[in-house]
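Visitor: dropping a prediction and its sequence here:
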Amino acid sequence: MAHARRFVSLLVVAGLAGAALAAGPGAGAEQLGPVTATQDAYVASTAARAGYDTAELRARNGGGQRSQSHLRFDLRAIPAGATGLRATLRLSASPISAAGRVEVRASGSFSEGSVTWASRPATSAVLGSAAVVPGGTFEIDAGPVTGAGFRSYALTSPAGQGAQLRFASSEHPDPARRPALTVTWAPPGPPVSDKLVPRAGAWWGSYPGQAPGDVEAREAVYGRQVDILHRYHDWNDTWPTAEEQAYAGQGRFLFEGWESRVFGGATLCWADIAAGAHDAAIDAQAERLAAFGSRLFVGFMHEPEDNLGPCQPGAVNDSKADMGSAEEFRAAWRRIVERVRPVAPNVVWVLSFMGHDPAASWALYPGDDVVDWVAWDPYNWANCAGRSRDTWRSLQQAAQPMYGHLDAVGNTKPRMLGEYGSHDDPAMGSKEQWLRELPAMLRTAMPKVRAVVYFDRVATPVPGDPCAWLADSSPSAQAGFAAAGADSYLNQPRN
């Protein structure tokens, strides 16, 4: 296999992607390859403890013997963000091969120096097949490819086919006859979609507070600039503020929460908004958003579950004052979006739930046509805000119920953790681990979450029993938060 390894090394030296990429067969397609197998061998049922790393590959499935071949390809040059990947395998039959039919299957990993019939990897269903003509070279559809990495295949024969099929291996003296794989894909899309979805990974953001200097002070703690800067505004505010526009100009996406209340003042009724009583304020805000020009996230009345009930318009400075029914919230949301969107199409609308009771939260959903992202706010409340009986919950445990519900109802909108946070109590669990595990959780368990926004403040919903949400509530917590923010999954290009 030395020649195959030299082939891969040459690609690396030449610049792996640049050396291997070429125009694909379809309009606008791109491709990697042909890439020669880096490892291949065949095994036979009649010698269960032997393997054959030779210049020949075989496949047979009858006549007293079963044989199959295994091949491995290095596909690490596939670029991030490539979609619609599909592989084609090129094989050359030996002139002394029998005629018949060969099948291609995906297989598990193996080593050509040690694989045997007894230790052969499991294989998938048939991905593609082709008629074998002795001495001929042909291509077989090898099915979809999930992305960059190593990919293994098996060559098999249909049940009962006793003809011995023989193919050139990667040790064959003629490079043109060695097995090779070509992968084609659609060109990657832009780094950021029109709805602010990153091409890969997820955005990393925070709510650092809104006092002068909060952003700079907290980003110094994080060790990097946030992708998303979250702010909240009451109904009478004028926003984006000059300060927020400056932050956006430095490369942050704004995420503006517009509340149906006046902080320190009265609440608004969702029914009144829906009925048009506040259209003048909505229209004025639409003009300001249009004048801002850049794309930004906007949400109306985050965590509306806390405000369900007969409206209390006279309630003063009460964050949980009732504002109306689920039906009235849905109508108010629709009224706002439908008036703002024609004037300010740069707005990306994010509906933010509490999410601890997914079915109850979902009753507030106003419809796919007026929502661009769905967000919810998972927290680990263990032993703060009077919750002494709460057990420690990982971020995945806190976020999974709403994530699973969105899957169950078939919602396909990009997802966001609009707020998230953990109390810091070493006697109950490690906040450092809680924060550090975020990128791995997103990669493996919640890939549909495309943005996360940490609530980086101390919360005191119960006086005298604060929740230590701060990212640097302890040195270890700060280390975990910084490690998550440095992960490549949470560092995506904006252009």
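Guide: That came in fine, so what should we check first? Residues are numbered from 1 along each chain as shown.

Visitor: which residues of the stretch 151-300 of the chain fall in strands?
Guide: With strands called from DSSP state E, counting those that start in this stretch, the stretch 151-300 of the chain shows them at 165-168, 180-186, 203-207, 228-233, 253-258, 296-300.

Visitor: between those strands, which one is nearest to Arg450?
Guide: For Arg450, the closest of those is strand 203-207, at 6.9 Å, according to Cβ to Cβ. C-beta coordinates here come from the backbone N, C-alpha and C atoms, glycine included.

Visitor: and the closest one with strand 296-300, angle?
Guide: 50 degrees (axes from the mean of the first three to the mean of the last three Cα atoms, to 10 degrees).

Visitor: who are the packing partners of strand 203-207?
Guide: strand 228-233, strand 253-258, strand 449-455 (3 or more Cβ pairs under 8 Å, 6 or more residues apart in numbering; DSSP states H and E).

Visitor: export the ones you listed to a markdown table and tack on mean pLDDT, mean neighbour count and distance to Lys320?
Guide: Shown next, in a markdown table, are the helices and strands packed on strand 203-207 (pLDDT from 0 to 100; neighbours: other Cβ atoms under 10 Å; distance: least, Cβ to Cβ, whole Å):
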| stretch | mean pLDDT | mean neighbour count | distance to Lys320 |
| --- | --- | --- | --- |
| strand 228-233 | 97 | 21 | 15 |
| strand 253-258 | 98 | 24 | 16 |
| strand 449-455 | 98 | 25 | 17 |
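
Visitor: related to what we said a few turns ago, looking at the strands of the stretch 151-300 of the chain, which is closest to Ala220?
Guide: Taking the strands of the stretch 151-300 of the chain one by one with Cβ to Cβ, strand 203-207 is closest: 12.4 Å.

Visitor: where exactly do the helices run in this protein?
Guide: 2-14, 16-20, 214-222, 242-249, 270-275, 279-292, 326-340, 358-362, 395-408, 431-436, 438-444, 475-486 (DSSP state H).

Visitor: identify whichever of these lies nearest to Gly135.
Guide: helix 2-14 (22.1 Å).

Visitor: what about the closest one, average pLDDT?
Guide: Averaged across helix 2-14, pLDDT comes to 28.

Visitor: what's the answer for stretch 374-387, then?
Guide: Stretch 374-387 comes out at a mean pLDDT of 93.

Visitor: enumerate the positions of that stretch that are buried.
Guide: Within stretch 374-387, the residues that qualify as buried by neighbour count (16 or more other Cβ atoms under 10 Å) are 374-385, 387.

Visitor: quick one: end-to-end distance for it.
Guide: Using Cα to Cα, to the nearest Å, the end-to-end distance of stretch 374-387 comes out at 27 Å.

Visitor: ditto for stretch 376-394
Guide: 16 Å.

Visitor: check the burial of Ala331 by counting its neighbours.
Guide: As a burial measure, Ala331 scores 18 neighbours (other Cβ atoms under 10 Å).

Visitor: which one is it nearest to, not counting chain neighbours?
Guide: Distances taken as Cβ to Cβ, 6 or more residues apart in numbering place Ala274 nearest to Ala331, at 3.6 Å, with adjacent residues excluded.

Visitor: hmm, Ala266 is touching Cys311, no?
Guide: No - with contact defined as Cβ atoms under 8 Å, Ala266 does not reach Cys311; the gap is 10.9 Å.

Visitor: okay, the two: which has more neighbours?
Guide: Just comparing Ala266 and Cys311: by other Cβ under 10 Å the higher neighbour count belongs to Cys311, 20 against 15.

Visitor: identify the residues contacting the closest residue to the more buried one other than its chain neighbours.
Guide: For Cys311, ignoring the flanking residues on the chain, the nearest one in space by Cβ to Cβ, 6+ apart is Cys269 at 3.8 Å. The contact partners of Cys269, taken as Cβ atoms under 8 Å, 6 or more residues apart in numbering, are Cys311, Pro313, Met323, Gly324, Glu328.

Visitor: rewinding a little: what's the pLDDT at the residue nearest to Ala331?
Guide: Value listed for Ala274 in the pLDDT field: 98.

Visitor: shouldn't it be in contact with Arg335?
Guide: Yes - taking contacts as Cβ under 8 Å, Ala274 lies within contact range of Arg335: 5.0 Å.

Visitor: returning to that earlier point: quick one, what contacts the residue nearest to Ala331?
Guide: Glu328, Ala331, Ala332, Arg334, Arg335.

Visitor: by neighbour count, which of the residues you listed wins?
Guide: Ala332 (26 neighbours).

Visitor: how near is the closest residue in space to Ala159 that isn't next to it in sequence to Ala44?
Guide: Closest residue in space to Ala159, ignoring its immediate chain neighbours: Asn61 at 5.7 Å, by Cβ to Cβ, 6+ apart. Here Asn61 is placed at a distance of 11 Å from Ala44 (Cβ to Cβ, to the nearest Å).

Visitor: cool, Gln478 as well?
Guide: Gln478 sits 59 Å away from Ala44, going by Cβ to Cβ.

Visitor: circling back to that earlier point, of the contacts of Cys269, which pair is most distant in space?
Guide: By the measure Cβ to Cβ, Pro313 and Glu328 form the most distant pair in those, at 12.5 Å.

Visitor: how many residues are close by the nearest residue to Ala479 once chain neighbours are set aside?
Guide: In this structure, Ala479 finds its nearest non-sequential neighbour in Glu432, 5.9 Å apart by Cβ to Cβ, 6+ apart. Glu432: 20 surrounding residues under other Cβ under 10 Å.

Visitor: kindly report the same for the one 5 residues further on.
Guide: Applying the criterion other Cβ under 10 Å, we find 18 residues in the vicinity of Glu437.

Visitor: show the backbone phi and psi for it.
Guide: Note on Glu437: backbone dihedrals following degrees, to the nearest 10 are phi -80, psi -10.

Visitor: what's the spacing between it and Ala445?
Guide: Taken as Cβ to Cβ, the span from Glu437 to Ala445 is 10 Å.

Visitor: what residues do these two have in common as contacts?
Guide: Gln396.

Visitor: for burial, what's the neighbour tally of the closest residue to Trp373 other than its chain neighbours?
Guide: Residue nearest to Trp373 in three dimensions, not counting chain neighbours: Val350, with 4.4 Å by Cβ to Cβ, 6+ apart. The number of residues packed near Val350 is 26, by other Cβ under 10 Å.

Visitor: residue contacts, Val350?
Guide: Val350 touches Phe255, Phe297, Val298, Gly299, Val371, Asp372, Trp373, Val374, Ala375, Met416, Gly418, counting by Cβ under 8 Å, 6+ apart.

Visitor: ok, the third one touching Val347?
Guide: What that stands for is Val298. Yes - with contacts counted by Cβ under 8 Å, Val298 reaches Val347, the gap being 4.9 Å.
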